[in-house]
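K.L.:
sequence unavailable; structure follows:
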């Protein structure tokens, strides 16, 4: 039996499996039967690249990634689209002064190189503490299985949350916003390696470089009455109760459902519920219209296969229950507008790996160090959630006067010394693991 059992083979679980296995035996359980082809989170920030360097993952990532050293904010002026300001990552004193962008499957391959075995098609149904061991129950093609490990790390996304926390124990805020997303080929352009955020009267449009002459587009989505209506459900509402919950019986199947998030570069963290029932052609039409209206008309023709997503915010106050630990989207979800969700999870894992190695080599839990790790990661998640909430609010539709005021305010904010603060924030410089 493994010493460490990891629930979920998304990027965070795969990274844990690869890093942890250098010192201890680990296995990863994943409910999906095959590696996902969809690309959600595409951007890795400087602290993550630094954390992954010793294991060789950074070199593998950078081999195929675009290095985004600057971002531009654009708005609508009297003479058309104009630059409101620039965020310069390359002027920060960092080992990696850029955001590395590449499709999520490529990131997962780089993270998992030589890593722990992944047992696919196994849905974890319950986790139970049993003295100095943890029992994990799963179901798959061969029926029910029971696993035994010294430590269990839950990295299965929001779908795995109920394995550790009581249902409703974590306050979840549902935003009223909805977005469309596509990765599309684009014609050659002068800003090919620049991230662009366009704040238009009709809502935000984010545009991020990808390898191979492609870009990720994320647009605030507004449906017209003729195209049906959508509801954010309990938009703005929060489900509240005391956090806690035992790592006992859980009802959620754990895999990497709910994908680790990130928008800068963007992704679809949050709910995709209902998207499959919507007419794909209608989504494509709305996204093409948004591209045409928000300064990216040249890309509109190639925007095919758009997906839609909504966003949530959830931050668990505790990441440890004895020998069970929680990382990534299972512990915290933030709006992908700003692109820090996946990076949060990877930094959770990077800080946890040496603690697990010490724990299992010595046979004694480093309780004070784990407590400090937990506190830093919760603080980092709250900071990222706050920044993401601000980004989400800034990207909403506004009337002409309010849009002009927003543009004027950003011209000031993105000039002088404050521009460096923005760059520091978007490079995850405020994360406690940076």
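P.N.:
Looks like it arrived, so ask away. Predicted, not measured: the structure shown is a model, and the values here were computed from it.

K.L.:
all contacts plus neighbour counts: C-alpha atoms, from now on.
P.N.:
Will do.

K.L.:
and residue 71, which of the three is it?
P.N.:
Per DSSP: H, G, I helix; E, B strand; the rest coil, the local secondary structure of residue 71 is strand.

K.L.:
spit out the contact partners of the residue lying closest to it once chain neighbours are set aside.
P.N.:
Using CA to CA, 6 or more residues apart in numbering and skipping the chain neighbours, the partner closest in space to residue 71 is residue 195 (4.4 Å). The neighbours of residue 195, taking CA atoms under 8 Å, 6 or more residues apart in numbering as the test, are 68, 70, 71, 72, 206, 207, 208, 209, 264.

K.L.:
most surrounded residue in those residues?
P.N.:
Using other CA atoms under 10 Å as the neighbour test, these are led by residue 264, with 33 neighbours.

K.L.:
now render the contacts of residue 195 as a markdown table, adding distance to residue 404 and pLDDT.
P.N.:
As requested, those are exported to a markdown table (distance: CA to CA, whole Å; pLDDT from 0 to 100):
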| residue | distance to residue 404 | pLDDT |
| --- | --- | --- |
| 68 | 28 | 97 |
| 70 | 24 | 96 |
| 71 | 21 | 96 |
| 72 | 17 | 97 |
| 206 | 19 | 96 |
| 207 | 21 | 96 |
| 208 | 24 | 97 |
| 209 | 27 | 97 |
| 264 | 25 | 39 |
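
K.L.:
quick one: residue 130 from residue 279, how far?
P.N.:
Separation of residue 130 from residue 279 (CA to CA, to the nearest Å): 49 Å.

K.L.:
again, but for residue 154
P.N.:
Separation of residue 154 from residue 279 (CA to CA) stands at 35 Å.

K.L.:
what about the two, which has more around it?
P.N.:
More crowded of residue 154 and residue 279, by other CA under 10 Å: residue 154, with 29 against 11.

K.L.:
tell me who's in contact with the more buried one.
P.N.:
By CA under 8 Å, 6+ apart, the residues touching residue 154 are 6, 7, 8, 160, 324, 325, 326, 327, 330.

K.L.:
is the fourth one located within a helix, as I assumed?
P.N.:
Yes: judged by three-state DSSP, residue 160 forms part of a helix.

K.L.:
was I right to think it contacts residue 330?
P.N.:
Yes: under the criterion of CA atoms under 8 Å, residue 160 makes contact with residue 330 at 6.0 Å.

K.L.:
backbone torsions only: list them for the closest residue to residue 62 other than its chain neighbours.
P.N.:
Nearest non-adjacent residue to residue 62, counting by CA to CA, 6+ apart: residue 100, 6.9 Å away. Dihedral pair for residue 100: phi -90, psi 120, per degrees, to the nearest 10.

K.L.:
isn't residue 100 right up against residue 41?
P.N.:
No: the criterion here is CA under 8 Å, and residue 100 misses it with residue 41 at 11.3 Å.

K.L.:
so for those two, which residue has more residues nearby?
P.N.:
Taking neighbours as other CA under 10 Å, residue 100 and residue 41 compare with residue 41 leading, 30 against 26.
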